[in-house]
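1. got a structure for you, letters missing:
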């Protein structure tokens with residue numbers, strides 16, 4: 001004989017399945033959000049530390065002092081930094097689609113090696 005489940009039990013089990021599925025989707029979404037914030041934080045810290053005290057910041061300081069328009073200078077500098085960052089992101093996206101990560105690592109390593117040899121050669125000569 002077949003047993004028939006009461007309708008309330010069938011509804012409860014389907015609700016449990018929906019709850020389980022949504023909690024799995026929710027944890028995956030939370031993990032993705034955490035990963036996004038980690039990338040944002042790492043990028044911010046890297047760019048912020050790289051830009052402190054560099055020639056661009058010193059140039060902006062001089063332009064701001066000469067123009068007496070610090071907010072206009074800030075707007076121009078912010079637009080410039082966002083534009084160069086956009087170019088870097090687009091170039092990185094293209095490179096990631098075009099070349100393998102291992103080749104990119106090798107090319108980056110070789111470029112740093114060539115740069116260091118060039119700087120060492122200038123220092124010795």
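-> That came in fine, so what should we check first? Since this is a predicted model, take the numbers as computed values, not measurements. Residues are numbered from 1 along each chain as shown.

2. For the residue nearest the centre of the chain, give its distance to residue 47.
-> For the chain, residue 39 is the residue whose C-alpha lies nearest the centre (CA atoms, centre = their mean; 4.6 Å). Residue 39 sits 12 Å away from residue 47, going by CB to CB, to the nearest Å. Where you see a C-beta, it was placed from the backbone N, CA and C, and this is true even at glycine.

3. same deal with residue 31?
-> 25 Å.

4. what's the answer for residue 114, then?
-> Separation of residue 114 from residue 47 (CB to CB) stands at 25 Å.

5. the helices in the chain, which residues?
-> Taking DSSP state H to define them, one finds helices in the chain at 7-51, 55-67, 70-98, 101-124.

6. Kindly reformat these as a markdown table containing mean pLDDT.
-> Supplementary listing: the helices of the chain in a markdown table, determined by pLDDT from 0 to 100:
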| stretch | mean pLDDT |
| --- | --- |
| helix 7-51 | 71 |
| helix 55-67 | 93 |
| helix 70-98 | 94 |
| helix 101-124 | 94 |
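
7. If you count surrounding residues, which of residue 31 and residue 47 has more?
-> Using other CB atoms under 10 Å as the criterion, residue 31 and residue 47 rank with residue 47 on top: 13 against 10.

8. which residue packs closest to the more buried one, ignoring adjacent ones?
-> residue 85 (7.5 Å; CB to CB, 6 or more residues apart in numbering).

9. Contact partners for residue 43?
-> With contacts defined as CB atoms under 8 Å, 6 or more residues apart in numbering, residue 43 has no neighbours.
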